[in-house]
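K.L.:
sequence plus the predicted model coming up.
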Amino acid sequence: MPAASRLGIVRGMPSPVRAVALAALAGLLLVLGVPVAAADTSDGHREVGYDVSYPQCDEDLPDGPAFAIIGVNGGIATRPNPCLAEQLEWAAGSSGAVPEQPPVQLYVNTANPGQVRDEVSSWPLAGDTPYGTCRGENDLACSWQYGWIRAYVDAQAFLPLAATDAGLPTDPAAYRWWLDVETMNTWQTGSSDARARNRASLEGMTAYLTGKGGQVGVYSTDLQWRRIVGDVPPDSPLHELDSWLAGASTAREARATCRQAPLVPGGRVVLTQYVTRGLDHDHSCA
């Protein structure tokens, strides 16, 4: 799930001595007529979006977000978010104040456990794919099939019951889906072939969701994306997908992050994330 702790963001409390010194300096600047810049930590409530998932179960969430992005999974790709229905119901109260952002969006955990397939029960044993026939091996075909199955379960098993309880559509086409790509999940490593298999898993997820009419984008940091996926070739279904970039700690940093390169060539950076008071905030780059 998108979260500050997994992005290496650490916040320390300022020391009392430093706080007093800063206060004195601010007072001196005011006396001298020098303007003091205020800390920039928010976009303004009406334009802020939030993303939440299982860590926010039973927590009070902000009223009337501009848009909300709800995690379908409970931290790993095979597990549902136990609070999905309640959080979707909260998301349904989004104001829609940012026209470029759908008021209710979803994100899903992604993975590729092919290198440890003997230790998991979810690795596919069969299936026809763009890379040929999957026969249970650690190859491109079964990696693609693994991703397709994970997206199928997200859209046809995890989402429908929760969305029904929340009074929201159960059709995958009603949502923008973000593929959450982070090193905390199980990925293949060690070679360009491993990254190609990871890419195939994401392509399988994308194929299922877009085949059902859903919009798909990718969430990560540049460092994690390069480590897990690497370069995306022009003939990949991932090419031209939009990006949601993590890693900022203030609204000002999030706005600056909008100017970074997208994770995928041909796509756009449409969202950036920053963390304030332990809650993920989201800035629209439009």
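P.N.:
Perfect, thanks for sending it. Since the structure is predicted, the reported quantities are computational estimates derived from the model, not experimental observations.
K.L.:
and the closest residue to residue 100 other than its chain neighbours, how close does it get to residue 280?
P.N.:
What sits nearest to residue 100 in space, not counting adjacent residues and going by C-beta to C-beta, 6 or more residues apart in numbering, is residue 286, at 3.8 Å. Just so you know, the C-beta spots here come from the backbone N, C-alpha and C atoms, and that holds for glycine as well. In this view, residue 286 and residue 280 are 19 Å apart by C-beta to C-beta, to the nearest Å.
K.L.:
of these two, who's got more company?
P.N.:
The residue with more neighbours, out of residue 286 and residue 280, is residue 280; 23 against 11, by other C-beta atoms under 10 Å.
K.L.:
next structured bit after the worst-scoring helix or strand of the chain on mean pLDDT?
P.N.:
Here the helix or strand of the chain ranked lowest by mean pLDDT, DSSP states H and E is helix 16-31, holding a mean of 34. Using DSSP states H and E, the helix or strand that follows helix 16-31 in sequence is strand 49-52.
K.L.:
dump the C-alpha coordinates for that following strand into PDB.
P.N.:
Output of strand 49-52 as PDB, limited to C-alpha atoms (Å, rounded to 0.1, in the frame of the first residue of the first chain):
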ATOM      1  CA  GLY A  49      -7.200  13.700  -2.400                       C
ATOM      2  CA  TYR A  50      -6.300  10.900  -0.100                       C
ATOM      3  CA  ASP A  51      -5.300   7.200  -0.500                       C
ATOM      4  CA  VAL A  52      -6.100   4.700   2.300                       C
END
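K.L.:
let's number from 15 now, not from 1
P.N.:
Noted, 15 is the first residue going forward, which turns the last one into strand 63-66.
K.L.:
ok, that strand: who's next to it in the sheet?
P.N.:
Strand 63-66 pairs in its sheet with strand 81-85 (parallel), strand 293-298 (antiparallel), by DSSP bridges.
K.L.:
mind putting these into CSV with mean pLDDT and distance to residue 226?
P.N.:
Output for the strands paired with strand 63-66, formatted as CSV (pLDDT from 0 to 100; distance: least, C-beta to C-beta, whole Å):
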stretch, mean pLDDT, distance to residue 226
strand 81-85, 98, 18
strand 293-298, 97, 24
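K.L.:
any chance of those strands in CSV, plus distance to residue 237?
P.N.:
As requested, the strands paired with strand 63-66 are arranged in CSV below (distance: least, C-beta to C-beta, whole Å):
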stretch, distance to residue 237
strand 81-85, 21
strand 293-298, 18
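K.L.:
pick the most buried one from those.
P.N.:
Sort the strands paired with strand 63-66 by mean neighbour count, taking mean count of other C-beta atoms under 10 Å, and strand 81-85 sits at the top with a mean of 27.
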